[in-house]
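Q: Build me a model from this:
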Amino acid sequence: MKALLTLLTLAVATAAAPARAEKLELSTVKCKDLISRPKAQLEVVVMWLQGYYTLENAPRIVDYDKMQADSVKLGDYCRKNPNESVVDAADEVMGE
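A: Model prediction:
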């Protein structure tokens, strides 16, 4: 499941990526840095995080409504906690 979501995320990121390659180390990125990025990059990060937090044996479904809801929740949380790491924010918002 995670492999499929990772491949899907990479395909989306590659299609929407600018000409130069860029890496984003989520464990070191602060919320304020994430929410200042272009919307397309935030969407890719949320999709990756959804794959990360999805159980291995969960149905192989891309739920766009959930992705939108998670984006809003993560964005709201990050605006209120700008110095928190993205990983900690995602644990709080998306971890179960």
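Q: Give the buried residues for the stretch of helix or strand residue 73 belongs to.
A: Taking DSSP states H and E as the criterion, residue 73 maps to helix 64-80. Applying a neighbour-count criterion of 16 or more other Cβ atoms under 10 Å, one finds 70-71, 73-75, 77-78 buried in helix 64-80. In this view, the C-beta of every residue, glycine as well, is placed from N, C-alpha and C.
Q: Please apply the same query to stretch 25-41.
A: Quick answer for stretch 25-41 (16+ other Cβ under 10 Å): 29-31, 34-35, 41.
Q: Quick one: the buried residues of helix 64-80 as TSV, columns for distance to residue 51 and pLDDT too.
A: Listed next are the buried residues of helix 64-80 as TSV, based on distance: Cβ to Cβ, whole Å; pLDDT from 0 to 100:
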residue	distance to residue 51	pLDDT
70	11	92
71	14	92
73	17	93
74	14	94
75	19	93
77	19	96
78	19	95
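Q: Count the neighbours of residue 92 for me.
A: As a burial measure, residue 92 scores 13 neighbours (other Cβ atoms under 10 Å).
Q: follow-up on the earlier one: for the buried residues of helix 64-80, work out which two are farthest apart.
A: By the measure Cβ to Cβ, 70 and 78 form the most distant pair in those, at 12.0 Å.
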